[in-house]
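Colleague: Structure of the sequence below:
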Amino acid sequence: MIPRRLPTNIYRRFSVANILLKNSPKFDDAELLAGKLTTDLYKAKRSKEDFQWSPKSNVEAEKEYAERMEKFMKLSAAFQGLLIVVGLGVASTVYMKWPQIKGWWLAKDFRLDDDAIEQLKKHKHKKALLEIPYIPEDQKPSSVPSLYYWGADGRGNSIKFPTRVPWFNDQYLRDVALSEVSPNLAIDAKGNLLAWDRKSCDMLLPGQDLVQVKISNDVAYALNKRGQILVIPLKDKFERKRNTQWRRSWLMPWKKHCHYRWKLSTSPCFREKGEKMITQYCVGKEHLIVLSNVGKAYVCATGVEPACDAKSRGQFGVPTLSQFDQFPDCNELYEIELLNNAVGQNKINQRKIVQIACGDHHTLARDSIGELYSFGLNTNGQLGQPISYDMETVAFPKKVGNFSAHFPRDTFLKCADIHCSGNTSYVSVVPQDMRAYFKNQGKVADEDSAKITYFSFGIGIHGELGNGHFKHSQSEPTKVKILNDTKDSKFGGRVKEWACGENHVLCKLENGNVVAWGSNDKGQLGNGKRIKSCKPFNIPKLLEPGIRYSKDPENLIYGSENFMKLSDEQSITAGGNSSCIFWKAK
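Modeller: The predicted model follows:
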């Protein structure tokens, strides 16, 4: 209803319009199209007129073609990228899940039941029994001096149980060095150098009165009783023969003795008064560290000549021989001045180094007051230093002091022993009360030596850390807990001897027991298995002749009382992926 307030003329107009709308005729679609509706078949009519497209120029045609090809290439590239991403995802999934996929494929048509599982267990147990060797009765027992070897033998074979090497029956040896690439080496009781494996044993260098030998970069470095290191190439027979001379004795001219000329030259470096001989040395993969009789450390590169791609990783401890400098010449000694000297009270004081240990590309050094220094590669924290871009390689000696968190506050910590495997370090620390330290003038008291604690840091992916965990890197010292647990009768006693391989460790304890941990893919732990261990365990005792251990291995080999127990004469050593026990010559 229109409001009455509107003016009269507007109201009249609305009224007229309303009347007209009411009187207008109404039509729908049916009425409008009724005249055209028929029963004939409907046919669509097409216009007979041809549409003429305007012709395009060559430029426009080329531009249109280019745009079309560009779109096609974009779609093609996107599709290819999608296929690559999907392919990589499928490949990575297959790689990560390959054991499950393989097991599913092999067992898809095989229905497992309780009987089938028992058969698989029996088959696996039977296979393990067949791998336990039988020692003939005519062979000598383990009480007779010899050498027992296990692990990789350099010929592609793996020995999972300690095996007696017949070449060393009834022999005492001064030292043994194990290698996978070159033959193993041994020094007999007379100081002769022998090259041996399971198939043969040959005299390599006689009459040198050697006491210790180590292998680095296909070269043997042997220390004689006169404090000289002989450089003996293992693969270059011509070079070894060229440096070997046979001379007659003046007193007994009918006898000849072997003289070897190639020795590590120390005359340019030994300048200290009374510095005449080498007392200790250790090798890595491409470097050698020596200690003189006055406690100074020197370093050199190992091998016959540097490789084309040889690169320093800071293992020399000399800033001018860092990763940014040229690799040094082989067998040329350099003094590690920053390790041999210390700055204090505005003057330079000489530091006395008492022990060194080398990994593949890193070095540890211990001085006379029990402080620890490290240098070299630090990608896994094997230097005991924080892992960072700036600390990936440390080309100068740096003090390691991260042990205080494990001891009370008023405790003086003294480093008592150091050892290295490939990329892992092991440190023995003796805690001492401050008052007792000053009272004993820095010497460790007997009651404090029983408190020794064993630490490890570095790579632990194969269990090398021995702390119960598999870890890629560990820069903070972690306790080798089972070795520190003296309450356990199985592991009781301090470590008397260390043997470090590439990724495994063996320790001889004071009570003669031998514990091992780390990688075991070649059987280098000597327990008859190939399962790596992240914590120390007791090794089974040596197999005796005439006993069929396969009848009852659980009791005869792995029984609670069947642990390996070595005498004072027996010593252990480890190589890359192998280990051995031998009788030490006095």
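
Colleague: Test my guess that residue 382 contacts residue 426.
Modeller: No: if you go by Cβ atoms under 8 Å, residue 382 and residue 426 don't touch, sitting 10.3 Å apart. All C-beta atoms are positioned from the backbone trio N, CA, C, and that covers glycine.

Colleague: Find the residues that touch each one of these two.
Modeller: Taking Cβ atoms under 8 Å, 6 or more residues apart in numbering as the criterion, residue 382 and residue 426 both touch residue 420.

Colleague: Which residue of the two possesses the greater neighbour count?
Modeller: Set side by side, residue 382 and residue 426 show unequal neighbour counts under other Cβ atoms under 10 Å, the larger going to residue 382 at 31 against 27.

Colleague: Contacts only, for the spatially closest residue to that one that is not a sequence neighbour.
Modeller: Beyond its immediate neighbours in the sequence, the residue positioned closest to residue 382 (Cβ to Cβ, 6 or more residues apart in numbering) is residue 458, lying 3.4 Å away. When the contact criterion is Cβ under 8 Å, 6+ apart, the partners of residue 458 are 359, 380, 381, 382, 421, 423, 424, 425, 464, 465, 473, 474.

Colleague: and residue 458, what pLDDT?
Modeller: Reading off the confidence values, residue 458 has pLDDT 96.

Colleague: to the chain's geometric centre, what's the distance from the strand or helix carrying residue 106?
Modeller: In this structure, residue 106 is located in helix 98-107 according to DSSP states H and E. Averaging C-alpha coordinates over helix 98-107 and over its chain gives two centres that are 30 Å apart (Cα atoms, centre = their mean, to the nearest Å).

Colleague: Which parts of the stretch 351-500 of the chain are helices?
Modeller: For the stretch 351-500 of the chain, applying DSSP state H, counting those that start in this stretch gives helices covering 434-439, 446-449, 481-484.

Colleague: cool, and the chain?
Modeller: Assigned by DSSP state H, the chain shows helices spanning 8-23, 29-33, 58-96, 98-107, 114-130, 237-242, 337-340, 434-439, 446-449, 481-484, 553-556.

Colleague: Give me the neighbour count for the residue nearest to residue 94 when sequence neighbours are not counted.
Modeller: Once flanking residues are discounted, residue 94 sits nearest to residue 101: 6.4 Å by Cβ to Cβ, 6+ apart. Residue crowding around residue 101 was assessed by other Cβ under 10 Å; the count is 13.

Colleague: likewise residue 141?
Modeller: 13.

Colleague: Now it: closest residue in space that isn't a chain neighbour?
Modeller: Using Cβ to Cβ, 6+ apart and skipping residues adjacent in sequence, the residue nearest residue 141 is residue 544, 5.6 Å away.

Colleague: What spatial separation is found between the one you found and residue 526?
Modeller: With distances taken as Cβ to Cβ, to the nearest Å, residue 544 is found 15 Å from residue 526.

Colleague: the more surrounded of the two?
Modeller: Just comparing residue 544 and residue 526: by other Cβ under 10 Å the higher neighbour count belongs to residue 526, 29 against 14.

Colleague: so who does the closest residue to residue 461 other than its chain neighbours touch?
Modeller: Excluding the flanking residues, the one nearest residue 461 by Cβ to Cβ, 6+ apart is residue 472, at 5.3 Å. For residue 472, the contact set (Cβ under 8 Å, 6+ apart) comprises 380, 459, 460, 461.

Colleague: hmm, back to that, am I right that the residue nearest to residue 141 is in contact with residue 142?
Modeller: Yes: using Cβ under 8 Å, residue 544 and residue 142 qualify as a contacting pair, with a distance of 6.2 Å.

Colleague: Give me the helix or strand of this protein that scores worst on average pLDDT.
Modeller: Within the chain, no helix or strand scores below helix 8-23, which has a mean of 61 by mean pLDDT, DSSP states H and E.

Colleague: got the contact list for residue 456?
Modeller: With contact taken as Cβ under 8 Å, 6+ apart, residue 456 is in contact with 424, 425, 426, 427, 464, 465, 466, 467, 474, 477, 478, 480.
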